[in-house]
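>>> could you look at this predicted model? Sequence included:
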Amino acid sequence: MKQKLKIFATSKWFDLLGVVLVISIAIASGYLATRLDKFVDWGPWTALVPFGLISVINVGISMLSTRFTGKLSKLGNYLGIINAVLSGVIDYILGNKAAIITYPVTFLIYLGAIYVWNKSTDKPNTMSKAKLYTVLTAIAILSFVFSYATNYIGYHGKMSTLAYITTIAFAFSLMGNGLNTFKLTTQWPFWLLYNIVQLTKAVVQGNFANVGKYIFYIINSVGALFVWKDSEK
């Protein structure tokens with residue numbers, strides 16, 4: 001099973017399968033043809049913006065970013081920056097009012113990851129257990145405190161179910177991205193948790209293009225964990 005999951009995480013054919021999967025789901029659900037005016041009324045021009053198409057393209061970029069990162073490719077971080085910008089705009093339109101604060105932070109973290117990865121070897125970085133525990137604890141505390149604070153501000157203190165789901169998802173995202181900045185294998189269990197939370201959020205928001213994506217990601221995060229673990233040796 002481990003070997004099969006590693007093949008899943010590294011195969012170019014599964015890169016293609018992931019993109020085809022989300023596009024197929026979007027077309028089948030009718031989401032691909034969705035226009036911006038379904039979610040916001042900023043004027044007549046919103047009826048001309050292909051929001052569904054933009055969302056699906058962003059899903060493809062996000063998926064490729066994750067796939068390349070799982071293969072220890074630096075390209076994953078560059079695609080991650082593009083995805084951070086598009087996801088921030090899309091999430092804000094879909095109701096995540098804190099996105100205007102949270103996603104710029106993700107953008108900056110990716111810049112840090114690009115800097116560190118360009119200076120490292122092709123293998124994951126390793127730390128002693130004591131140092132890793134300290135780094136992990138610090139990142140976890142900062143992530144949850146910052147996520148709650150920014151979402152509380154973004155939602156003007158009105159913490160709905162979606163707001164709490166968004167808070168938890170963003171905290172796990174910060175942890176995963178923070179550990180990715182140091183190029184640490186430990187990031188992958190947190191990406192697994194993040195993907196589970198995001199799958200829940202996608203269902204709540206009705207963002208059907210993301211439902212298929214996060215099911216795919218859950219499997220991919222386990223495979224990538226095995227790839228990174230074996231690459232440490």
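Structure's in. What do you need? Numbering: from 1, shown residues only.

>>> quick one: residues in contact with the helix or strand of the chain with the lowest mean pLDDT.
Per-element confidence for the chain was summarised using mean pLDDT, DSSP states H and E. The lowest value among helices and strands belongs to helix 12-29, with a mean of 79. Applying CB atoms under 8 Å, 6 or more residues apart in numbering, the external contacts of helix 12-29 come out as 7-8, 31-32, 52, 55-56, 59-60, 63-64, 67, 208-213, 216, 220. The way it works is simple: take the backbone N, C-alpha and C, and place the C-beta from them, glycine included.

>>> what's the helix or strand following that helix packed up against?
Per DSSP states H and E, helix 12-29 leads on to helix 51-70 as the next helix or strand towards the C-terminus. Helices and strands touching helix 51-70, as assessed by 3 or more CB pairs under 8 Å, 6 or more residues apart in numbering; DSSP states H and E, comprise helix 2-10, helix 12-29, helix 75-93, helix 208-231.

>>> what about the residue lying farthest from the centre of the chain, distance to L53?
The outermost residue of the chain, judged against the average C-alpha position, is P44 (31.7 Å), by CA atoms, centre = their mean. Shown here: P44 relative to L53, a distance of 19 Å by CB to CB, to the nearest Å.

>>> one more: L108?
The value you get for L108 to L53, if CB to CB is used, is 28 Å.

>>> of those two, who's got more company?
Under the criterion of other CB atoms under 10 Å, the comparison of L108 against L53 puts L53 first, with 17 against 14.

>>> regarding this protein, what is its longest helix?
If each helix of the chain is counted by residues according to DSSP state H, the longest one is helix 129-154.

>>> what's the mean pLDDT across that helix?
In this model, helix 129-154 has an average pLDDT of 89.

>>> so who does F226 touch?
K2, L5, K6, A9.

>>> can you get me a residue count around the last one?
The one in question is A9. A count of neighbours around A9, defined by other CB under 10 Å, yields 23.

>>> of the contacts of F226, grab the buried ones for PyMOL.
What follows is the PyMOL syntax selecting those of those that are buried according to 16 or more other CB atoms under 10 Å:
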select buried, resi 5+6+9
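
>>> tell me which of the helices and strands packed on helix 51-70 sits nearest to L142.
Between L142 and those, the shortest separation by CB to CB is 18.3 Å, and it involves helix 75-93.

>>> which other residues reach the closest one?
When contacts are taken as CB under 8 Å, 6+ apart, the neighbours of helix 75-93 outside the stretch itself are 36, 39-40, 51, 54-55, 57-58, 61-62, 64-70, 99-100, 102-104, 106-107, 110-111, 113-114, 117, 166, 180.

>>> residues of that helix that come out buried?
76-84, 86-93.

>>> put the alpha carbons of it into CSV.
Extracted as CSV, the C-alpha positions of helix 75-93 are listed here (Å, rounded to 0.1, in the frame of the first residue of the first chain):
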residue,chain,number,x,y,z
LEU,A,75,8.0,24.8,-8.8
GLY,A,76,5.3,23.9,-6.2
ASN,A,77,6.1,27.1,-4.2
TYR,A,78,5.9,29.3,-7.3
LEU,A,79,2.5,27.9,-8.2
GLY,A,80,1.5,28.3,-4.6
ILE,A,81,2.0,32.1,-4.8
ILE,A,82,-0.4,32.3,-7.8
ASN,A,83,-2.9,30.1,-6.0
ALA,A,84,-2.7,32.3,-2.8
VAL,A,85,-3.7,35.4,-4.8
LEU,A,86,-6.6,33.7,-6.6
SER,A,87,-7.8,31.7,-3.6
GLY,A,88,-7.9,34.9,-1.5
VAL,A,89,-10.2,36.6,-4.0
ILE,A,90,-12.4,33.6,-4.5
ASP,A,91,-12.7,32.8,-0.7
TYR,A,92,-13.6,36.5,0.0
ILE,A,93,-16.4,36.4,-2.6
